[in-house]
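Asks: Sequence first, then the predicted structure:
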Amino acid sequence: MSFKHPEILWWLFLLFIPILIHLFQWRRFQHTTFTNVDLLQNIQSNSRKSSRLKKWLLLGSRLGILGGMVLAFAQPYFEDQIKNALKPTELVVYLDNSFSMQAPANQSTLFVQAVQELVQHIDPKQNFSLFTNDELYKNIRIENNKNEILNLKYSSIQLEYAEILLKAQSLFNLKNNSRKLLVVISDFQNRLKYQKKESSFEVTHIQLQASAKDNIAIDTAWIEKLENKDVLEIQCSSQDLNTKNINIAIYNGDKVHTKATVSLKDKKGNLRVDLPRNIQISGPIQIEDQALSYDNQLYIHKAESPKIKILVLHERTVPHFLKRIYTPDEFELEFLNANTVQLSNITETNCVVLFQPETISNSLLNHLQTFLQKQGKLIFVPSQTGNRNSYNQLLGQANLRFDRLQMQTLEITQILFDHPFFNGVFERNIDNFNFPKAHSYYPLNPVQQGLLQLQNNMPFLVQKESMYVFCAPIDKDNSNFSNSSLIVPVFYKIGTDSFQAGKLYYSNTKTQEIDIPIDNRTVEVLQLQKDSLRFIPLQQNNKKYVRLQMNSFPQDGVFEVADRDQEIDYIALNHLRHESNLIYNDLGETPSLESVKEFTEKLKSENKIESLWKWFVIFALAFLLFEILIIKLFK
């Protein structure tokens with residue numbers, strides 16, 4: 001047994017007071033014998049024994065009264081109760097606000113239910129730190145920060161479990177000897193990547209359970225260009241095998257453009273909608289679903305994309321095969337002699353193909369350097385008889401140079417499939433392929449890993465910043481590359497990358513570049529705006545277009561791109577569909593609670609100390625009653 005106020009035990013010395021009083025009240029009697037008083041002696045002897053017993057009982061009751069009161073004020077408790085109760089508690093709460101917390105629960109959502117329970121059941125005067133996937137509140141109280149907690153929003157970000165532990169650890173004061181307690185409130189969807197880990201603090205898991213887990217979502221949409229029309233294709237999915245049809249509506253602004261039904265098979269289904277080539281559509285594609293709401297709409301903006309300008313500079317050999325790749329429906333292809341080109345011809349284009357020049361003049365070199373500084377794309381193909389020194393002046397912009405031409409027939413056998421350049425180009429890696437050949441090549445110094453490589457591991461095509469360098473001539477005299485199936489995806493990908501044409505929609509959580517055509521207009525600063533929201537991204541003006549550097553953005557929707565409130569263009573931003581599959585982590589043997597209320601009740605019971613002082617007060621009162629009875633009964 002221990003005491004909360006052990007210093008009060010010094011008052012036990014007061015017990016000597018009734019003992020001393022009792023001792024001083026004892027008197028020694030002198031025996032005097034009288035004749036014929038035997039009966040009186042017997043009566044006095046019995047009275048003396050009774051009086052002595054009474055005094056002993058009174059002494060014991062008074063010691064009990066004093067002792068009980070002193071021990072009661074010292075507040076005794078059992079030793080095994082103080083492990084958590086007497087320690088100060090540092091409380092950190094992680095509240096999952098990812099989109100999966102939109103799942104229904106008791107006529108509300110998991111997230112709303114968790115927020116309300118936090119406000120209702122956490123002690124209003126309890127200091128604690130609260131963090132979500134995108135917000136942090138340090139050392140707050142419910143009584144002071146109730147409105148901030150109630151106004152928390154959903155986020156497209158999802159912290160992983162390891163990141164939650166690391167962030168919580170940074171919020172604890174590691175120097176003091178307090179009880180450190182982290183509470184993780186989440187549905188523990190698979191994206192959280194739960195793994196049991198050891199930590200220097202206590203972790204309590206509250207796994208919230210959704211009342212319905214059959215989610216229907218619009219997964220994606222894209223445009224397929226046909227000869228005289230565009231086809232909008234929409235992909236939907238459901239987690240319920242019993243869902244056979246989904247009603248869908250396509251909006252153009254505030255008006256419904258098309259209503260249709262998507263038929264599902266094996267939980268997936270596609271809808272194809274024919275659209276005239278010249279029509280512009282900006283708005284949401286919508287479905288109705290009772291589970292998650294964030295994936296019930298997909299915002300799109302379809303506009304006529306400007307054609308990408310490709311300028312081919314050549315001398316003797318004209319690469320006519322490029323006409324099959326850069327077709328008029330997507331590109332403006334122009335052929336000019338490399339010796340007569342003007343700076344204006346280069347600055348107004350998106351991509352320059354410098355095809356097998358015999359030499360590169362100083363004037364052309366200066367024009368190309370200016371073009372590269374403005375992030376223009378350059379494809380350089382050397383000639384077998386070209387001036388290597390002039391080539392190396394151009395390649396020096398990327399810290400590269402050609403060595404002496406090697407006359408050796410080699411196959412182009414290696415494709416760097418993992419390079420970002422080939423993302424979306426090939427459906428799978430190709431092993432059995434009819435690889436083209438080159439009869440001569442220029443060794444590149446320093447040696448680079450090529451997008452395409454020869455069979456001796458020397459590069460055939462290298463990307464360095466915005467320059468694409470072929471290390472061998474690709475005319476028919478030196479290579480059959482122009483007749484191979486590789487040439488189309490390579491040149492087409494470089495061409496489309498030279499201008500980030502407007503897509504049907506963009507993700508609002510990816511770092512990406514978006515090019516906004518301005519047609520040589522003078523613009524100051526482009527901003528994205530929707531209703532009252534205004535946002536200015538990083539941007540670079542290239543005269544023909546402004547390149548926006550987009551990072552994570554909290555909202556989805558169709559945003560107007562404006563310059564000083566003058567409309568320039570529109571872009572659609574959407575949340576990624578990572579949270580649409582309501583599949584959850586199994587916590588295994590890790591104990592978990594079901595609600596915040598259950599946690600607060602558990603915490604109170606752990607901090608509760610059994611009030612033993614009450615029993616000592618009762619004992620003191622019992623001794624007081626005992627003393628009263630002694631005084632009344634012993635005459």
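Replies: Cool, the structure landed.
Asks: For burial, what's the neighbour tally of Y492?
Replies: Residue crowding around Y492 was assessed by other CB atoms under 10 Å; the count is 16. C-beta coordinates here come from the backbone N, C-alpha and C atoms, glycine included.
Asks: in the host helix or strand of it, what's buried?
Replies: Using DSSP states H and E, Y492 falls within helix 487-497. Residues of helix 487-497 classed as buried: 487, 489-497 (neighbour count, 16 or more other CB atoms under 10 Å).
Asks: Quick one: mean pLDDT for the helix or strand following that helix?
Replies: Using DSSP H and E, the next helix or strand after helix 487-497 towards the C-terminus is strand 506-507. For strand 506-507, mean pLDDT rounds to 89.
Asks: helices or strands up against strand 506-507?
Replies: Secondary-structure packing of strand 506-507 (3 or more CB pairs under 8 Å, 6 or more residues apart in numbering; DSSP states H and E): strand 566-574.
Asks: quick one: average pLDDT of the strand it packs on?
Replies: On average, strand 566-574 scores 90.
Asks: name the helices or strands packed onto that strand?
Replies: Under the contact rule (3+ CB pairs under 8 Å, 6+ apart), strand 566-574 is packed against strand 297-302, strand 506-507, strand 512-517, strand 557-563.
Asks: partner residues bridging T220?
Replies: T220 forms beta bridges with Q235, as assigned by DSSP bridges.
Asks: now swap in the one 10 residues further on and tell me
Replies: Following DSSP bridges, D230 is listed with bridge partners K225, L275.
Asks: Local confidence estimate at it?
Replies: Here the pLDDT value assigned to D230 is 81.
Asks: again with L40
Replies: Reading off the model, L40 has pLDDT 53.
Asks: got it, and R62?
Replies: 74.
Asks: Next: the one 5 residues further on.
Replies: As summarised for this prediction, G67 has a pLDDT of 75.
Asks: Touching, it and L12? I think so.
Replies: Yes. At 6.7 Å, G67 counts as touching L12 under the criterion of CB atoms under 8 Å.
Asks: which one of those two has more residues nearby?
Replies: Neighbours per residue (other CB under 10 Å) separate G67 from L12, with G67 holding more: 18 against 14.
Asks: distance of the more buried one from F16?
Replies: Distance, G67 to F16, by CB to CB, to the nearest Å: 12 Å.
Asks: which parts of stretch 187-198 are buried?
Replies: Across stretch 187-198, burial judged by 16+ other CB under 10 Å covers 187-189, 191-192, 194.
Asks: Secondary structure for those residues - can I get that in JSON lines?
Replies: Compiled in JSON lines, the buried residues of stretch 187-198 are given as follows (DSSP: H, G, I helix; E, B strand; the rest coil):
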{"residue": "D187", "secondary structure": "coil"}
{"residue": "F188", "secondary structure": "coil"}
{"residue": "Q189", "secondary structure": "strand"}
{"residue": "R191", "secondary structure": "helix"}
{"residue": "L192", "secondary structure": "helix"}
{"residue": "Y194", "secondary structure": "coil"}
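Asks: out of these, which one sits closest to Q393?
Replies: Distance to Q393 across the buried residues of stretch 187-198 (CB to CB) is lowest for R191, with 51.2 Å.
Asks: quick one: contacts for N387?
Replies: Contacts for N387 (CB atoms under 8 Å, 6 or more residues apart in numbering) come out as 358-360.
Asks: make it 10 Å
Replies: With contacts defined as CB atoms under 10 Å, 6 or more residues apart in numbering, N387 is in contact with 357-360, 393.
Asks: So which of these wins on neighbours?
Replies: Neighbour counts for these peak at P357, which has 25 neighbours (criterion: other CB under 10 Å).
Asks: so when I look at that residue, I'm seeing a helix, right?
Replies: No. Applying three-state DSSP, one finds P357 to be coil, outside a helix.
Asks: Can you show me the strands along the stretch 401-550 of the chain?
Replies: For the stretch 401-550 of the chain, the strands defined by DSSP state E, counting those that start in this stretch occupy 401-402, 406-415, 437-441, 444-445, 452-454, 459-464, 467-470, 506-507, 512-517, 526-530, 533-535, 538-541, 545-550.
Asks: between these, which one is nearest to L313?
Replies: Checking the strands of the stretch 401-550 of the chain against L313 by CB to CB gives strand 467-470 as the closest, at 14.2 Å.
Asks: Show me what the closest one is packed up against.
Replies: In terms of contacts (3 or more CB pairs under 10 Å, 6 or more residues apart in numbering; DSSP states H and E), strand 467-470 is packed against strand 351-355, strand 377-381, helix 388-395, strand 459-464, helix 487-497.
Asks: Would you mind giving the ones you listed as CSV with mean pLDDT and distance to S592 added?
Replies: Compiled in CSV, the helices and strands packed on strand 467-470 are given as follows (pLDDT from 0 to 100; distance: least, CB to CB, whole Å):
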stretch, mean pLDDT, distance to S592
strand 351-355, 94, 56
strand 377-381, 94, 54
helix 388-395, 93, 61
strand 459-464, 93, 50
helix 487-497, 89, 48
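Asks: For the ones you listed, please prepare CSV with the additional fields distance to H301.
Replies: Output for these, formatted as CSV (distance: least, CB to CB, whole Å):
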stretch, distance to H301
strand 351-355, 25
strand 377-381, 25
helix 388-395, 39
strand 459-464, 30
helix 487-497, 18
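Asks: Tell me which of these sits nearest to V112.
Replies: Closest approach to V112 among these is made by helix 487-497 (44.0 Å; CB to CB).
Asks: could I have the helix or strand harbouring L336 exported to CSV, CA atoms only?
Replies: According to DSSP H and E, L336 maps onto strand 331-337. In CSV, the C-alpha atoms belonging to strand 331-337 read as follows (Å, rounded to 0.1, in the frame of the first residue of the first chain):
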residue,chain,number,x,y,z
PHE,A,331,0.5,17.9,-86.3
GLU,A,332,1.6,20.8,-88.6
LEU,A,333,4.6,19.4,-90.3
GLU,A,334,7.0,21.7,-92.2
PHE,A,335,10.2,20.8,-94.1
LEU,A,336,13.0,23.5,-94.5
ASN,A,337,16.5,23.5,-95.7
